[in-house]
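A.B. asks: turn this into a structure:
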Amino acid sequence: MSGGKIEGYLSELRRELRMRWTPSARFLEETRGHLADAIAAGEKQGLLREQAEQEALARFGSPRMVAGRFAAERYRRLEWMMLAPAVLVGLSIAWIDARPHWDDSGITAGMLVIGSALLGLGMSRRAWMIALAVGVWIPLDLIFHATGFGSAAASLLILLFPLAGAYAGMGLRRLVVRSGD
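C.D. replies: Numbers count the residues shown, from 1 in each chain. Coordinates of the predicted model:
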């Protein structure tokens with residue numbers, strides 16, 4: 001299969017896969033094979049080569065959509081598996097913060113940002129899950145021990161630190177992937 005449209009499509013699909021950190025030579029070769037089969041079937045039906053290519057590409061879908069589906073399927077389990085280390089990091093930070101002689105909010109905030117940013121590097125989407133898994137423990141402890149509604153509600157502002165870190169990590173990942181183009 002030497003069609004320029006097909007090679008352009010595969011090149012665009014390769015780029016879209018890299019943007020999602022899912023480069024897969026095997027998937028690209030399978031796609032090439034499916035497109036070749038679809039073109040051959042179109043030619044058997046009496047279509048010209050160019051028409052068969054165009055119809056095969058239209059049926060297959062845009063490279064962005066195909067890469068999105070492939071990445072979603074591939075990373076669904078990984079994203080859920082990232083929750084375990086995120087919970088451990090969050091519980092560790094909350095445990096340190098709850099120590100009686102610990103009184104350094106700046107270091108705690110920094111640990112929340114850095115921990116969630118490092119875990120956010122592994123996320124292609126849903127960085128908020130990592131942020132909540134890392135950051136929810138300190139507000140829960142403060143709410144549990146709060147004397148009034150105002151201090152309990154204000155403790156939720158702590159979630160801004162892991163949210164910033166997780167989205168910064170995910171953004172850095174996307175930036176690195178795009179710079180590789």
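
A.B. asks: what comes up buried for the helix or strand of the chain with the lowest mean pLDDT?
C.D. replies: The weakest-scoring helix or strand in the chain, judged by mean pLDDT, DSSP states H and E, is helix 149-154 (a mean of 74). Buried residues in helix 149-154, defined by neighbour count with 16 or more other Cβ atoms under 10 Å: A152. (Glycine included, C-beta is placed from N, CA and C.)

A.B. asks: and that helix, what does it pack against?
C.D. replies: helix 137-144 (3 or more Cβ pairs under 8 Å, 6 or more residues apart in numbering; DSSP states H and E).

A.B. asks: buried sites along the helix it packs on?
C.D. replies: Using 16+ other Cβ under 10 Å as the test for burial, helix 137-144 gives W137, I138, P139, L142.

A.B. asks: lowest-confidence entry in those?
C.D. replies: Lowest pLDDT among those: L142, with 84.

A.B. asks: what's the closest non-adjacent residue to that residue?
C.D. replies: S155 (3.8 Å; Cβ to Cβ, 6 or more residues apart in numbering).

A.B. asks: which ones are touching the one you found?
C.D. replies: I138, P139, L142, I143, A146 (Cβ atoms under 8 Å, 6 or more residues apart in numbering).

A.B. asks: for the closest residue to the fourth one other than its chain neighbours, what are its contacts?
C.D. replies: When you say that, I think you mean I143. Excluding its sequence neighbours, the residue lying closest to I143 (Cβ to Cβ, 6+ apart) is A152, at 4.4 Å. By Cβ under 8 Å, 6+ apart, A152 lies in contact with L142, I143, A146.
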